[in-house]
Structures are given as C-alpha cells and as structure tokens.
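Novice: Structural data only, the sequence is not supplied:
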C-alpha cells in the first residue's frame, strides 16, 4: 500500500455503508454455535436476516438525523416515479387484505418492503443530498465505490474464514447438517447473495487493472470465489462467469492481456483452493465434486428443482394476474414449494406472484432505469463504470435462478453499488 497517504477505507461522508457491510459478519459471529443448535433469537437472526434489517433501520435513522424526511424525499421524485411508487404501495396494501393464508405474514412483508424503500431513499439522500464533509487525511485518488469494494472484500473474507473454522471445528460431530446448520444463514446457498457482489466488485478492478490496490482485490476475490466453489453454489459462479465473459468480449480491445490473464489465474487458484479445503460429506457441497456425487441433483434434476418450481408457480400467477397474493404467501400456496421455499427462485416470478402485473410494472419501472443508466455510462467509459455494471449485472443474472432480491442485504448492496460514485472525489 502506498505510504505517502494513509488510506481510510471510507471517508466521513460514506462511513454509514459500514453498517450494511458488517451485517453478515455480525450475523455469523452472533450465531456461531459449535453444536449447531440455535436459541430462539439466533434462529430469528438466521431466518429473517435480522442483522441486515437492523443495519437498514440504522441507516434510515442516520439519514433522518441528517435532514431526510419522507415528504421531502417524495417531493423530489419526478411525477411518474411518484405515481409508480404510489401504485406499488397500493398493491402491497391491498395484498394485506387479500392474503389467502397468512395475513400476519402479509403485514410483516409490507413492513419489510417499506423498510427497503426507506433505505433506498436514505441511501440516495446520504450520497447525493447530504453535504460532503471536509476531507481529513483521506486519499482522494480512490473512488467511494472502490472503498466499498475493499471494505466489503475484507468482511466477506472474514466471513469465509469463520465458516471454514466452523467446518473444521465440527468435523466428525454428529447431528450437524452442514447445508442448513452453518452460522449466519439457514441455507448454504444464501451465502452467495453477498459473496457474489464481493467477488464481482473485486474481479472488475482486477480486470480493468487501474487500481493501486490490485493485490488486495486479488486476495478478496480469491477468498470469495474459493468459498463459492467450495460451497457448491452454481448460480453465483455461472452468473459471474457469464457476465465477465460478456464484458471481456465486448470491451476486449480496451482491456490489457495481462489483466485478463491475471483474472484467469485468480480463478484457477480459487478453483484449486476449493478442492484442498475440507469438503463436508454432503452432496450439496463442492462445485467440482457435486456433479459426481450429488444425490440432490439425482432427485431434483440439474436445476435443483427450480424448473419444477417455476412450472408450478405460473398457474397460480395466472389465477391472480393483476394484484398477486401479497407478501409471504408463496410457500403456503404453491405445492412444489413443499412448505420450505419462500420464493420461486426467480425475481420476475417472485414479483408477479406477490404483486401481480400491476405491482411488478410499477416497481420495475423504478428499478430498470437505474440499471440502464449504469449500462449507458459503461459504454462511455468501461474502465471507470465497469465495476458497478459487472456487479449489478451479475446480481441480476443470479436473480433469474435464485431469490437474491428477496433478502435485505442484496437489496442494500444493489442501491449502494448503483449510486456510490465510481470516480475519485
């Protein structure tokens, strides 16, 4: 690291991003029980992502302390955005009364989505409207987005270390189901919801090769990708690989050969490292071992039951096409969910099931322009805007085959990565 200036991971203006970034590590530490048995409060933390929800609430309070008001945020919206938001919230409210099975769940879901919306307003206020603090001993040559990449890379690497420590410390102990009893999350696949964004951000800075902190990005990328390979999570790996390949093909002439080679080398190290680390004796683990041993794939097919879930979900959407069923009704209604799946593992089907065509169009009309703005800037300067574009595109691709945007941390990361400045201040 350069010695002429001390790098502060985040400047005073953006210190609040530390709260969402730290939430997964806090959840793992809070639920780190070597017997695999969790108290009631620990189970709530794992099931409802409470650490992330608390981080959202803290950011909202910080924004309000810095002058944000709900009415003030609404007044700044363009008329069509305000109309779309009003329609979406109206559909959510109607869903509470029309919930066919779990009205309490629908109420809780409405509260959760309201918190997400308030977080988005708060993040926008803190990034764009709150006046900048005077820089004090802050290296101005690094962008706020890269600061987030370095910070979140640190945290995700620590999360991986904690999980690997849990695996080694519980090896040979009976009664622990490693696919569902790991600290932090109720399912091994849920780690991919934040390991993917960390890996994508760091991979972009490696590929573009314009960062002074390339070694740090390499370390964090290898840590995150090694964990994903080890866990057997195919969705985030295929999503990231597809987006990186597309990016390289489109901008090949603007990329240095050595940077492409450096990225490929980091991927190879991650793949090899994942096979050296102890792989639990469970058919869901090991990206490379899983196709050879997986009883899960033999039972559910290579899609792990997703295609069956999608086919079973569509007829129910057709029964309530306009307004949907409301929040948290999915696993009680769709038989293929088997009382376990809380979403159809596809963001479009998820939105259509909960809010119908009307609510889906309203919400997507607010979200899609954000992604389009990132892609438009990408073609103007792929080196500067590549990290945000690669990460958001990877998350979007992953959301086509999993419930990425059902959970609060991924939603927070989406808004922060979309809005944090890509250029140094």
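Specialist: Okay, I see it. No experiment lies behind these values; they were computed from the predicted model shown. Residues are numbered from 1 along each chain as shown.

Novice: which helices and strands does the helix ranked longest in the chain pack with?
Specialist: Counting by DSSP state H, the longest helix found in the chain is helix 347-380. For helix 347-380, the helices and strands in contact under the criterion 3 or more C-beta pairs under 8 Å, 6 or more residues apart in numbering; DSSP states H and E are helix 79-98, helix 306-319, helix 330-333, helix 382-398, helix 408-419. All C-beta atoms are positioned from the backbone trio N, CA, C, and that covers glycine.

Novice: what does the shortest one contact?
Specialist: This points to helix 330-333. Helix 330-333 is contacted by residues 100-102, 313, 316, 325, 337-344, 350, 353-354 when judged by C-beta atoms under 8 Å, 6 or more residues apart in numbering.

Novice: List only buried entries from the residues you listed.
Specialist: Among the contacts of helix 330-333, those scoring as buried are 102, 313, 316, 325, 337, 341-344, 350, 353-354 (criterion: 16 or more other C-beta atoms under 10 Å).

Novice: before we move on, back to that, can you give the distance of the longest helix of the chain from its chain's centre?
Specialist: 16 Å (C-alpha atoms, centre = their mean, to the nearest Å).

Novice: tell me the contacts of residue 233?
Specialist: By C-beta under 8 Å, 6+ apart, the contact list for residue 233 reads 188-189, 191-192, 195, 287.

Novice: try it again with 6 Å
Specialist: Contact analysis of residue 233 by C-beta atoms under 6 Å, 6 or more residues apart in numbering lists 189, 192.

Novice: Quick check: it vs residue 420, distance?
Specialist: Distance, residue 233 to residue 420, by C-beta to C-beta, to the nearest Å: 26 Å.

Novice: same deal with residue 22?
Specialist: Separation of residue 22 from residue 420 (C-beta to C-beta): 17 Å.

Novice: What of residue 319?
Specialist: For residue 319, the distance to residue 420 equals 41 Å [C-beta to C-beta].

Novice: Settle it for me: which of the two has more neighbours?
Specialist: A side-by-side neighbour count of residue 319 and residue 420, using other C-beta atoms under 10 Å, places residue 420 first with 20 against 8.

Novice: and the host helix or strand of residue 157 with helix 382-398, angle?
Specialist: Assigning secondary structure by DSSP states H and E places residue 157 in helix 144-170. Interaxial angle, helix 144-170 versus helix 382-398 (axes from the mean of the first three to the mean of the last three C-alpha atoms, to 10 degrees): 50 degrees.

Novice: what comes up buried for helix 144-170?
Specialist: Using 16+ other C-beta under 10 Å as the test for burial, helix 144-170 gives 144-160, 162-163, 166-167, 170.

Novice: Stretch 255-262 too?
Specialist: Within stretch 255-262, the residues that count as buried by 16+ other C-beta under 10 Å are 255, 259-260, 262.

Novice: How about stretch 115-127?
Specialist: Residues 115-127 are the ones in stretch 115-127 that count as buried (16+ other C-beta under 10 Å).

Novice: among the residues you listed, which are in helices?
Specialist: In this view, these that belong to helices under DSSP H are 115-124.

Novice: Please enumerate the helices of the stretch 1-150 of the chain.
Specialist: 18-30, 40-48, 50-65, 70-75, 79-98, 103-124, 144-170 (DSSP state H, counting those that start in this stretch).

Novice: which other residues reach stretch 250-262?
Specialist: 206-207, 209, 382.

Novice: Now do residue 103 against residue 356, distance only.
Specialist: Where residue 356 is concerned, residue 103 sits at a distance of 17 Å (C-beta to C-beta).

Novice: Which residue of those two possesses the greater neighbour count?
Specialist: Regarding residue 103 and residue 356, a neighbour count based on other C-beta under 10 Å identifies residue 356 as having more, with 22 against 16.

Novice: phi, psi of the closest residue to the more buried one other than its chain neighbours?
Specialist: Spatial nearest neighbour of residue 356, excluding adjacent residues (C-beta to C-beta, 6 or more residues apart in numbering): residue 324 at 3.7 Å. Residue 324 adopts backbone torsions of phi 70, psi -160, taken as degrees, to the nearest 10.

Novice: tally of neighbours for residue 324?
Specialist: Other residues near residue 324 come to 26 when the count uses other C-beta under 10 Å.

Novice: Looking at it now. What's its pLDDT?
Specialist: Note on residue 324: pLDDT of 95.

Novice: Next, work out how far apart it and residue 357 are.
Specialist: Per C-beta to C-beta, residue 324 is found 8 Å from residue 357.
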